[in-house]
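S.K.: Structure here, sequence nowhere to be found:
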């Protein structure tokens, strides 16, 4: 079967780079949006040029020029967006709404994957503020997609390994400690950890798959579904040393939010829902979803213990 032409928006970003890599590796004609606003950002320019050397086609467009977006979309069959709004609240949603308008006008897209890749926002209607703002914004994007009748796949990739495995599920630092670790409660709540390269692979695998059409793809590699304590024990085994463990109760964790700024508070809210409430694993995937490792058993995903070895 002929592979779809894929446009990656936000290709120079943290997950975007993995999506471009996966799209090329899986044989898709791969296009990367080169925003005219890139200006003097030499690192992004170098990343884009590297993509070009690897066989990707750079497509220049601007979010302030609707026609350029429409023209870019018309070149491909699938659009995957990986724009991050983590540091600029509301930025990602505005850009994605403009992209949706362009996709709607172009009328040729067989699949759109919006920028999500974390906790499924459809399950977070009762999330704490300010953390819930992220989920509310993603739901605005979803409504726009569905109102426009655009074929889509939503991707819930759970916990990025670089942020959670390296940190042993602590808010900081991102390098695993060798002395003491703060546990969320008793550290027994299950979460899901995913290597970022695997996020790219599973996402691109799904773009031509009728089984993921208009559904949510949950990336839940079975051997990477574990608690914080199980993760800590894997690290202890690797370093041959027991860490001092300090338990942080639910009440203590929520009380500590008060001294943080809004961005940190939002991150803490997400940690609360993951490691105290178990929002990633306390539900069964229904008919409106699919699990990536079951759909694509041929993908050899990175296990948590192998990810930890890079820190030795």
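M.R.: Looks like it arrived, so ask away. Computed from a prediction, not measured in an experiment: that's the story for all the values here. Residues are numbered from 1 along each chain as shown.
S.K.: now residue 220: how far from residue 284?
M.R.: 11 Å (CB to CB, to the nearest Å). Where you see a C-beta, it was placed from the backbone N, CA and C, and this is true even at glycine.
S.K.: Compare those two and say which one has the larger neighbour count.
M.R.: residue 220 (20 against 6; other CB atoms under 10 Å).
S.K.: Where does that one sit, in terms of helix or strand?
M.R.: For residue 220, there is no helix or strand it lies in under DSSP states H and E.
S.K.: Would you confirm that it contacts residue 293?
M.R.: Yes. Counting by CB atoms under 8 Å, residue 220 touches residue 293, with 6.6 Å between them.
S.K.: what residues are up against residue 48?
M.R.: Contact analysis of residue 48 by CB atoms under 8 Å, 6 or more residues apart in numbering lists 11, 12, 32, 34, 38, 58.
S.K.: Repeat that for residue 34.
M.R.: 48, 58, 59, 60, 61 are the contacts of residue 34 under CB under 8 Å, 6+ apart.
S.K.: Check residue 132 too.
M.R.: Counting by CB under 8 Å, 6+ apart, residue 132 touches 124, 269.
S.K.: What's the end-to-end length of stretch 190-202?
M.R.: 22 Å (CA to CA, to the nearest Å).
S.K.: try stretch 240-253
M.R.: 29 Å.
S.K.: Flag every buried residue along that stretch.
M.R.: By 16 or more other CB atoms under 10 Å, the buried positions in stretch 240-253 come out as 243, 248, 253.
S.K.: go on, stretch 261-277?
M.R.: Buried residues in stretch 261-277 (16+ other CB under 10 Å): 265, 266, 267, 268, 269, 270, 271, 272, 273, 274, 275, 276.
S.K.: Nearest residue to the last one in space, please, no chain neighbours.
M.R.: Right, residue 276. Excluding its sequence neighbours, the residue lying closest to residue 276 (CB to CB, 6 or more residues apart in numbering) is residue 250, at 5.2 Å.
S.K.: do the third one as well
M.R.: Leaving out its chain neighbours, the residue that sits closest to residue 267 by CB to CB, 6+ apart is residue 171, at 6.7 Å.
S.K.: Please determine how far the one you found is located from residue 309.
M.R.: Residue 171 sits 23 Å away from residue 309, taking CB to CB as the criterion.
S.K.: more neighbours, the two?
M.R.: Applying other CB under 10 Å to residue 171 and residue 309 shows that residue 171 carries more neighbours, namely 15 against 11.
S.K.: Secondary structure of the more buried one: a strand, I assume?
M.R.: No. Assessed with DSSP: H, G, I helix; E, B strand; the rest coil, residue 171 is coil; it does not lie in a strand.
S.K.: Ramachandran angles for it?
M.R.: phi -70, psi -30 (degrees, to the nearest 10).
S.K.: helix or strand for the closest residue to residue 248 other than its chain neighbours, which one?
M.R.: Closest residue to residue 248 in three dimensions, ignoring its sequence neighbours and counting by CB to CB, 6+ apart: residue 182, at 5.4 Å. Per DSSP H and E: residue 182 is located in strand 180-184.
S.K.: That strand: partners in the sheet, and parallel or antiparallel?
M.R.: strand 244-248 (parallel) (DSSP bridges).
S.K.: what's the following helix or strand past the partner strand in contact with?
M.R.: Per DSSP H and E, strand 244-248 leads on to helix 250-255 as the next helix or strand towards the C-terminus. The contact list for helix 250-255 (CB under 8 Å, 6+ apart) reads 184, 185, 268, 271, 272, 276.
S.K.: quick one: the third one and residue 172 touch, right?
M.R.: In this case it means residue 268. No. Using CB under 8 Å, residue 268 is not in contact with residue 172, being 11.3 Å away.
S.K.: circling back to that earlier point, just the contacts of residue 34 now: which is nearest residue 176?
M.R.: In terms of CB to CB, no member of the contacts of residue 34 lies closer to residue 176 than residue 48, at 32.5 Å.
S.K.: just the helices in the stretch 151-300 of the chain please.
M.R.: For the stretch 151-300 of the chain, the helices defined by DSSP state H, counting those that start in this stretch occupy 161-164, 196-206, 228-239, 250-255, 262-275, 292-295.
S.K.: From the rest of the structure, what touches the longest one?
M.R.: Outside of helix 262-275, the residues that reach it under the criterion CB under 8 Å, 6+ apart are 87, 118-119, 124, 127-134, 159, 169, 171, 184-185, 189, 191, 228, 250, 253-254, 256-257, 260, 279-280.
S.K.: Equivalent analysis for the second one, please.
M.R.: Judged by CB under 8 Å, 6+ apart, the contacts made with helix 196-206 from elsewhere in the structure are 6, 14-15, 18-23, 25-26, 28, 80, 113, 117, 153, 155, 157, 160-162, 212, 217, 219, 221, 292-293, 295-296, 299, 301-302.
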